[in-house]
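Peer 1: Mind folding the following:
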Amino acid sequence: MSNPSQEARALTVTFGLPWPDLNDGLFYKDVVRASDSELTVIQFYSKKYKNSAPLQGWLQRIQNGQITIDGGVVRDPSTTLSEQFIRWTKRQRNRTEDLCLVEIGSELVYHRLPWKEPDAPHWLEIIYEDDDMIALNKPSGLQVLPGGLFQQRTVLTQLLWRATKLSPSLMCHEPHPTPVHRLGRGTSGLLLCAKTKLAKTQLAAYFADGTSHIGGSSIEYSKTSSELGTVRKILKIYRALVTGIVCENKVNVNQPIGIVQYPGVAKGLYVASPSGKPALSKVEVLERDRNKNCTLVQVEIQSGRPHQIRIHLAFIGHPLLGDPLYVVGGGPQCSDSEYVDDSFALDGGFLRPTKPVPGDCGYSLHAHQVTLSHITTNELIIISAPLPPNLRTRKEVQEIGMR
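Peer 2: Below is the predicted model:
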């Protein structure tokens, strides 16, 4: 087949540093505003960060000395954020008490103490790199960006550590490589990262354009590079193993995706919803295994809604094999949105949810291939992430065995 596209040369470079036992904790900064002036410290935090901890948890954090106002520790939860003198204990040498004015514009800081994050792989493989971008092969179990329990054990952290190791002065002068899209923690495969601000802007626009123009044509390989402006600039192909036997060889799923309240997910859970935002997935059957009652499929996503493939395949009656969250219909196994658990962990925050959440792993989904118009040369390139053994067709397994 003749076309202007080029299969990107595969690299075998791996990198990654082991995770420390504890992360560095976090500092959440706020500024006292006029609208906050009548609130107490406990009212401010339990209202603004109600998804972080229950009331008793915030009381524990305040009394533990994890809140400061303009650098001074505040342990009295009834301290009012108004223009008045208050008294706090300042544990520094032999000084026990100081006076400080809490006024509009004062800085409040909550220090979340360091904690041990759940286990996560740390090795990453570089499968493509040039002056503008890096393509990584992300392992299942590694989160892309900080969030929830994972603030350090992420792809972003490993990219930062690698950039600092390669050029210690990089942090002071240039941005380090940054992921331009997300993959679920349990999803493996190809992750694009930008090395410059311009690359980040353009690659982000590629992904956003695909989502905002659902229904457009796929990339046509017969097009010349000068004609690519009339079609999508990026095409994403995934492999997945689903439960049951998919009867049709090809299925287009255009079910909208919306958000519902769900315990343990502060901003809500993405589900199949008639009132949601448009989404389109093109599913093609590669192989059916009637003995194991599962089907190997290829999925092209034209939009990029969170957990789109998991939701769409579940919506058509074929959830991903091993998916702990999404079931037939495109919703969660349990949708008890009214349930609230006020128990809290040692740091005052909510305990880890006992019900499945989006970051739980166990399913088989792999970002296999990206075809894109290069942001600098406009050349059409194809980047592929090696397939896990359980997502290869019998023919692909035989071909690998013959090498």
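
Peer 1: doesn't residue 120 make contact with residue 149?
Peer 2: No. No contact is recorded between residue 149 and residue 120 when judged using CB atoms under 8 Å, the distance being 9.9 Å. Any C-beta I mention is one placed from the backbone N, CA and C, and that applies to glycine too.

Peer 1: Comparing these two, which residue is more hemmed in?
Peer 2: residue 120 (19 against 16; other CB atoms under 10 Å).

Peer 1: Helix or strand: which one has residue 271?
Peer 2: Residue 271 is part of strand 265-272 when elements are defined by DSSP states H and E.

Peer 1: Note down every partner strand of the helix or strand following that strand and its orientation.
Peer 2: Counting by DSSP H and E, the element after strand 265-272 in chain order, helix or strand, is strand 281-289. With DSSP bridges as the test, strand 281-289 is paired with strand 250-253 (antiparallel), strand 294-301 (antiparallel).

Peer 1: just how off-centre is the longest helix along the chain within its chain?
Peer 2: What stands out as the longest helix in the chain, according to DSSP state H, is helix 197-212. Computed by CA atoms, centre = their mean, to the nearest Å, the separation of helix 197-212 from the middle of its chain amounts to 17 Å.

Peer 1: Just list what that helix packs against, helices and strands only.
Peer 2: Here helix 197-212 is seen to pack against strand 188-194, strand 234-243 when contacts are counted using 3 or more CB pairs under 8 Å, 6 or more residues apart in numbering; DSSP states H and E.

Peer 1: what's in contact with the shortest one?
Peer 2: Going back to what we said before, that points to strand 188-194. Applying CB atoms under 8 Å, 6 or more residues apart in numbering, the external contacts of strand 188-194 come out as 127, 132-140, 144, 155, 159, 177-181, 183, 200, 203-204, 238, 365-370, 383-385, 388.

Peer 1: again, 6 Å this time
Peer 2: Judged by CB atoms under 6 Å, 6 or more residues apart in numbering, the contacts made with strand 188-194 from elsewhere in the structure are 133-136, 138-140, 177-180, 183, 200, 203, 366-368, 370, 385.

Peer 1: Please, where are all the helices along the stretch 101-250 of the chain?
Peer 2: All helices of the stretch 101-250 of the chain, identified by DSSP state H, counting those that start in this stretch, fall at 155-166, 170-173, 197-212.

Peer 1: Would you mind getting the angle between the longest one and strand 188-194?
Peer 2: This means helix 197-212. Relative orientation of helix 197-212 and strand 188-194, computed by axes from the mean of the first three to the mean of the last three CA atoms, to 10 degrees: 130 degrees.
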